[in-house]
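A.B. asks: how would this look folded up:
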Amino acid sequence: MNESPIFVKTYAFLLWLLPLTANFPKHQRLGLARWLEDSALNFYELILQAGKTKGDARVLRAADVELDKVRFYLRMGKDLKTLSLAQYAHGAELAVEIGKLLGGWLRTM
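C.D. replies: Numbering: from 1, shown residues only. Take a look at the predicted model:
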């Protein structure tokens, strides 16, 4: 299960994100960085839970909400100039790929 593409992509996203947020300015680490990290990690926990419960649609919808939060916080980071345009573009691209995988999983419900 953990070798499924959504798990692999989400893990790669987290490996990219966590060192990045550690370098946010101090005044953003307690807010934006924390919220972004929490939402990304919550997303991973929810898809893990969905995998263990044979794809519970309720859990997958909750994961979709967390992914929307991640997208919002990435956009906020770009607009506040905490993320460069290139960093935002990369993160947004990864979020889109993960979202497509999640959408496919939801359609199987």
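
A.B. asks: quick one: secondary structure of Glu3?
C.D. replies: Of the three states, Glu3 takes coil under DSSP: H, G, I helix; E, B strand; the rest coil.

A.B. asks: roughly how far is stretch 40-49 from the heart of the chain?
C.D. replies: How far stretch 40-49 lies from its chain's middle: 9 Å, per CA atoms, centre = their mean, to the nearest Å.

A.B. asks: with stretch 28-44 instead?
C.D. replies: 9 Å.

A.B. asks: got the contact list for it?
C.D. replies: For stretch 28-44, contacts defined as CB atoms under 8 Å, 6 or more residues apart in numbering pick out 7, 10-11, 13-14, 17-18, 21-22, 24, 63, 66-67, 69-70, 73-74, 76-77, 80, 82, 98. To be clear about C-beta, it is placed using only N, CA and C from the backbone, and glycine gets the same treatment.

A.B. asks: which parts of it are buried?
C.D. replies: Buried residues in stretch 28-44, counted by 16 or more other CB atoms under 10 Å: Gln28, Leu32, Ala33, Trp35, Leu36, Glu37, Ser39, Ala40, Leu41, Asn42, Phe43, Tyr44.

A.B. asks: ranking helices and strands of the chain by mean pLDDT, which lands last?
C.D. replies: helix 26-28 (a mean of 88; mean pLDDT, DSSP states H and E).

A.B. asks: ok, Tyr88 - contacts?
C.D. replies: The contact partners of Tyr88, by CB under 8 Å, 6+ apart, come to Leu74, Arg75, Gly77, Lys78.

A.B. asks: pLDDT on the helix or strand containing Gly99, on average?
C.D. replies: Gly99 is part of helix 85-107, with elements assigned from DSSP states H and E. In this model, helix 85-107 has a mean pLDDT of 97.

A.B. asks: give the buried subset of the contacts of stretch 28-44 as a ChimeraX selection command.
C.D. replies: Per 16+ other CB under 10 Å, the buried members of the contacts of stretch 28-44 correspond to this ChimeraX selection:
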select :7,10,13,14,17,21,24,63,66,67,69,70,73,74,76,77,82,98
